[in-house]
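Asks: just a sequence and a predicted model for now, questions to come.
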Amino acid sequence: MSETSPEVILKATELARSINGCDELRALKKLQEKINQDTALRNKLAEFKKRSIALEYKRAQDIPVEFEEEKTVGRLYAEIVWSEDGRRYLETENNLFNVLHEVYNIISETEFSLIQKAHQ
């Protein structure tokens with residue numbers, strides 16, 4: 001381990017604490033608690049996520065997707081967003097993913113620039 005590794009680990013720990021305390025994650029946890037009390041909505045969300053991931057996998061692997069599969073995911077989405085809690089949950093989850101994606105991009109850009117400098 002290099003001399004700077006403890007500093008990097010400390011910064012990563014601080015980043016994790018910041019993410020755990022961010023508004024988006026706190027809001028998502030509150031909404032998750034509400035949704036857990038609504039069995040039907042909780043089950044629809046779980047089914048929606050499972051089927052959405054399956055569709056994304058098929059598309060990434062160039063596996064044909066049946067129209068009925070897309071229709072089912074669309075129907076589940078419509079049913080979820082019809083509920084105020086479901087709509088807010090999906091929006092808040094998306095907001096959190098955007099924050100995490102931005103963090104990932106910042107880290108990746110740093111890594112990429114270091115690799116570029118190393119090869120110059």
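Replies: Structure's in. What do you need? Numbering: from 1, shown residues only.

Asks: tell me the contacts of Y89?
Replies: The neighbours of Y89, taking CB atoms under 8 Å, 6 or more residues apart in numbering as the test, are L28, L31, Q32, I35, L45, I80. For the C-beta atoms, the positions are set from N, CA and C on the backbone; glycine is no exception.

Asks: which among the residues you listed gets closest to R17?
Replies: L28 (16.6 Å; CB to CB).

Asks: what's the helix or strand for that closest one?
Replies: In the assignment (DSSP states H and E), L28 maps to helix 23-36.

Asks: same deal with E93?
Replies: Using DSSP H and E, E93 sits within helix 84-118.

Asks: what angle do that helix and helix 23-36 make?
Replies: Using axes from the mean of the first three to the mean of the last three CA atoms, to 10 degrees, the direction of helix 84-118 lies 140 degrees away from that of helix 23-36.

Asks: low-scoring stretches of the protein, by residue?
Replies: Across the chain, the ranges flagged by pLDDT under 70 are 1-4, 111-120.

Asks: go with 90
Replies: Using pLDDT under 90 as the threshold, the predicted model of the chain has low-confidence ranges 1-9, 11-12, 105-120.

Asks: tell me which residue is most central in it.
Replies: Using CA atoms, centre = their mean, the residue of the chain that lies closest to the mean C-alpha position is F97, 4.0 Å off.
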